[in-house]
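Q: here is the input, now give the coordinates:
(one chain, ligands or ions: 1)
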Amino acid sequence: MEINSLGNIKRRVLLNPGPSTTTDSVKYAQIVPDICPREVEFSSLMKGLREDLVKIVHGDLKKYTAVLFCGSGTINIDVCLNSLLPKDKKILVVNNGAYSTRAVEICEYYGLPHIDLQFPVDERPVLERVEQVLKSNPDIAIVHTTHNETGTGILNPIREIGALAHRYNAVFTVDTTSTYAMRPIDIEKDNIDFCMASAQKGLTAFTGLSFIVGNTEIIKASADYPKRSYYCNLYMQYEFFERTGEMHFTPPVQTIYATVQAIKEYWAEGEEAKWARHTRVFNAIHDGLDELGFKDVIKRSEQAGLVVSAVYPDDPNWSFEKIHDYCYARGFTIYPGKISTTNTFRLCALGAIDEVDIKAFFEVFREALKKIGVVVPVVYKE
Ligand SMILES: *Cc1c(COP(=O)(O)O)cnc(C)c1O
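A: Numbers count the residues shown, from 1 in each chain. Coordinates of the predicted model:
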């Protein structure tokens, strides 16, 4: 990073779906005296962190716990699915996007029996179909889905899916990586047994620390389930934490310091105010795109309020790469879409940013369109 003479770090507005823009206080929190993570000073830091991670989703500490892993967010999906499936049971993945497809791929890699219940990427899952599958497959022990499908920005009805999972005696695991600490979650009311995220998304810290928040009794019960991974076993990591207060293997020390600072800032801002800020940013993104004539992929009423997917216009001069490079050179990062059937790009409301950043971004974005000769408002053939 470039550091100017005042010691300030150049600020970039990241509109990609994580890692997100961080505050300078979070960046500097990584600069700490070297410490061996096996010292009590460090394990007591992790104890507080684990409790905070449960409290962020309003979990009762007597019932829920947080287990930390060193890795990017995908490690959580891997850990949950490979660790929580009893012998001779099946996983149902309610799949309407790229991140649930990743869960299906994890099942394939481990050879876990599973049903990939697919829905179109721009539609919410049909609950009646989920129920039918649960009814005709009593061996389903886990139902998994994604809260905000970050590839498109669609919000899935997790509370309803969770209620169905529980009605058919299955454990409900939800990939909340792109909603946790942004869109308010209540683990118990939302019928979640396990949710997950990583430090570089809603908490606006850094990549390297991921965590699963979930039901302690279910983790304990999984002690006897088949062991399918050594590094990525939920019970093993949980049990080690409970016994020693430490992570089984080397933790991402500096990232943990930054995350502890980020959580202080989370509590200082407050859940409601933070969600209101993300909503302001999200609305400003929509206003900017509407003004330029861009079309959304997902119905506005079904968006999770954090990721906007816009369709490439039908203009011969359009070039995502050129626009990206122009904006990047001016401190703004935009991101391609993740839908195989439509060419899209994404603007996300994740980080330590506010409405003014979006206004400033759209000035640059508009200049970029003009510079490469894209007609504004943009045009679509149909
Ligand atoms: C970011 C994200 C992940 C994790 O991706 P990594 O590249 O492993 O950090 C998982 N699920 C969702 C929904 C995400 O948005």
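
Q: check contacts around the residue of the chain found nearest the ligand.
A: Shortest the chain-to-the ligand distance, computed as C-beta to the nearest ligand atom: residue-wise this is residue 73, at 2.6 Å. The way it works is simple: take the backbone N, C-alpha and C, and place the C-beta from them, glycine included. For residue 73, the contact set (C-beta atoms under 8 Å, 6 or more residues apart in numbering) comprises 18, 177, 196-198, 200-201, 210.

Q: which one among these gets closest to residue 156?
A: Compare each of these with residue 156 using C-beta to C-beta and the shortest gap goes to residue 177, at 12.9 Å.

Q: are we agreed that the closest one is in a helix?
A: No: with DSSP: H, G, I helix; E, B strand; the rest coil as the criterion, residue 177 is assigned coil and is not in a helix.

Q: report pLDDT for it.
A: Taken from the predicted model, the pLDDT recorded for residue 177 is 98.

Q: please identify the buried residues of the longest helix anywhere in the chain?
A: For the chain, the longest helix by residue count, based on DSSP state H, is helix 271-292. Using 16 or more other C-beta atoms under 10 Å as the test for burial, helix 271-292 gives 271, 274-275, 277-278, 280-282, 284-286, 288-289, 292.

Q: do the same with stretch 25-37
A: Residues of stretch 25-37 classed as buried: 26-27, 29-30, 37 (neighbour count, 16+ other C-beta under 10 Å).

Q: swap in stretch 153-163?
A: For stretch 153-163, using 16+ other C-beta under 10 Å, the buried residues are 153-158, 160-162.

Q: out of the buried residues of helix 271-292, which comes closest to residue 261?
A: Within these, the smallest distance to residue 261 is 15.3 Å, found for residue 274 (C-beta to C-beta).

Q: on that earlier part again, now the two most distant members of the buried residues of stretch 25-37.
A: The largest distance within those, taken as C-beta to C-beta, falls between 27 and 37 and amounts to 20.5 Å.

Q: in helices, which of the buried residues of stretch 25-37 fall?
A: With DSSP H as the criterion, helices contain 26-27 from among the buried residues of stretch 25-37.

Q: rewinding a little: output the longest helix of the chain as CSV - backbone C-alpha positions only.
A: The C-alpha coordinates for helix 271-292 follow below in CSV (Å, rounded to 0.1, in the frame of the first residue of the first chain):
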residue,chain,number,x,y,z
GLU,A,271,-26.7,-3.0,14.1
GLU,A,272,-29.5,-0.7,13.1
ALA,A,273,-27.4,2.3,12.0
LYS,A,274,-25.0,0.0,10.1
TRP,A,275,-27.9,-1.6,8.2
ALA,A,276,-29.3,1.9,7.5
ARG,A,277,-26.0,2.9,6.1
HIS,A,278,-25.7,-0.1,3.8
THR,A,279,-29.3,0.6,2.7
ARG,A,280,-28.3,4.2,1.9
VAL,A,281,-25.4,3.0,-0.2
PHE,A,282,-27.5,0.4,-1.9
ASN,A,283,-30.2,3.0,-2.8
ALA,A,284,-27.5,5.4,-4.1
ILE,A,285,-26.2,2.6,-6.3
HIS,A,286,-29.7,2.0,-7.7
ASP,A,287,-30.3,5.7,-8.3
GLY,A,288,-27.0,6.0,-10.1
LEU,A,289,-27.7,3.0,-12.3
ASP,A,290,-31.3,4.1,-13.0
GLU,A,291,-30.2,7.5,-14.1
LEU,A,292,-27.8,5.9,-16.6
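
Q: outside of it, which residues touch it?
A: Contact with helix 271-292 is made by 15, 56, 181-184, 266, 269, 296, 300, 303, 305-306, 308, 310, 347, 349-350, 353-355, 357-359, 361-362, 365-366, 369, 376-378, as judged by C-beta under 8 Å, 6+ apart.

Q: can you give me the pLDDT of residue 337?
A: pLDDT, residue 337: 88.

Q: which residue, other than its chain neighbours, is closest to it?
A: On the basis of C-beta to C-beta, 6 or more residues apart in numbering, the spatially nearest residue to residue 337 that is not a chain neighbour turns out to be residue 344, at 2.9 Å.

Q: burial count for the one you found?
A: Residues near residue 344, counting by other C-beta atoms under 10 Å, number 22.

Q: please pick the buried ones from the contacts of helix 271-292.
A: In those, the ones that pass as buried (16+ other C-beta under 10 Å) are 15, 56, 181-183, 266, 296, 303, 305-306, 308, 310, 347, 349-350, 353, 357-358, 361-362, 365, 369, 378.

Q: tell me which of these fall in strands.
A: Those of these mapping onto strands are 308, 310, 347, per DSSP state E.

Q: per-residue confidence at the first one?
A: Confidence at residue 308, expressed as pLDDT, is 97.

Q: test my guess that residue 64 contacts residue 53.
A: No: under the criterion of C-beta atoms under 8 Å, residue 64 lies out of contact with residue 53, with a separation of 9.5 Å.

Q: which neighbours do these two have in common?
A: Common contacts of residue 64 and residue 53, defined by C-beta under 8 Å, 6+ apart, comprise residue 213.

Q: what helix or strand is residue 86 on?
A: In the assignment (DSSP states H and E), residue 86 maps to no helix and no strand.

Q: mind listing what's buried in stretch 96-109?
A: Neighbour counts over stretch 96-109 (16+ other C-beta under 10 Å) mark 96-104, 106-107 as buried.

Q: count of residues packed around the closest residue to residue 141 other than its chain neighbours?
A: Counting by C-beta to C-beta, 6+ apart, residue 89 is the residue found nearest to residue 141 once chain neighbours are left out, at 3.6 Å. Neighbourhood size, residue 89 [other C-beta under 10 Å]: 19.

Q: measure residue 89 to residue 40 for me?
A: Using C-beta to C-beta, to the nearest Å, one obtains 40 Å as the distance from residue 89 to residue 40.

Q: break the protein down into its domains, please.
A: As given by automatic domain parsing, the domain ranges for the chain are 13-19+270-372, 29-267.

Q: reformat those as TSV; add distance to residue 382.
A: Supplementary listing: the domains of the chain in TSV, determined by distance: least, C-beta to C-beta, whole Å:
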stretch	distance to residue 382
domain 13-19+270-372	9
domain 29-267	16
